[in-house]
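Peer 1: need a 3D model of the sequence below.
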Amino acid sequence: MIGRDIESVNVNKSHKLQSKLSKYINFTYKGTSYRVNTEDILYMETHPMRRCLNIYLADTVIEYRETLSNMDAFLPKNFIRCHKSYILNLNHVRKIFIDSASYIAYFDYKRSCPISKRFVEKPFDLLRS
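Peer 2: Predicted coordinates:
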């Protein structure tokens, strides 16, 4: 099967999901203090060997020493685990591309992250609702 875009999962800005907890993540990493608005986060990627996260924003990537499991516990409802190494912010997903072997979430700013088959149902269900 040739890859295809699923237009029905495009997120309308008026249907933003509501936060369940903190709007900001405050932390210090390598001597620099950060206050990141969760609304600005596109997705997070873990690097298990380095025990740190990359937090992807529109114009930058911030490294943070934390696990995905710990982050997942206090992020707003619009953040979902989509892969063993990724959490994505549904409010920034513009489309999900599907081909026979993979699922990829696309965001603005030419960024993307994989969605594993194990986690694929949750993003589809939430984006369609």
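Peer 1: which one is the most centrally placed residue in the chain nearest to, not counting chain neighbours?
Peer 2: Nearest residue to the geometric centre of the chain (C-alpha atoms, centre = their mean): Leu88, 1.3 Å. Distances taken as C-beta to C-beta, 6 or more residues apart in numbering put Tyr43 closest to Leu88, at 4.2 Å, once the chain neighbours are dropped. Glycine gets a C-beta too; all of them are placed from N, C-alpha and C.
Peer 1: show me the contacts for that neighbour.
Peer 2: Residues in contact with Tyr43 (C-beta atoms under 8 Å, 6 or more residues apart in numbering) are 56, 86-89, 92, 105, 107, 111, 113.
Peer 1: do you know how far the residue nearest to the centre of the chain is from Met71?
Peer 2: To Met71, Leu88 is 12 Å away according to C-beta to C-beta, to the nearest Å.
Peer 1: so what sits against both of these two?
Peer 2: Common neighbours of Leu88 and Met71 (C-beta under 8 Å, 6+ apart) are Met44.
Peer 1: and the lowest mean pLDDT element among the helices and strands of the chain?
Peer 2: Least confident helix or strand of the chain, by mean pLDDT, DSSP states H and E, is strand 4-6 with a mean of 38.
Peer 1: picking that back up, how about the residue nearest to the centre of the chain, secondary structure?
Peer 2: Secondary structure, DSSP: H, G, I helix; E, B strand; the rest coil: Leu88 is strand.
Peer 1: what confidence value was assigned to it?
Peer 2: We have a pLDDT of 93 for Leu88.
Peer 1: related to what we said a few turns ago, now the residue nearest to Leu88, which residues is it bridged with?
Peer 2: Tyr56, Leu88 (DSSP bridges).
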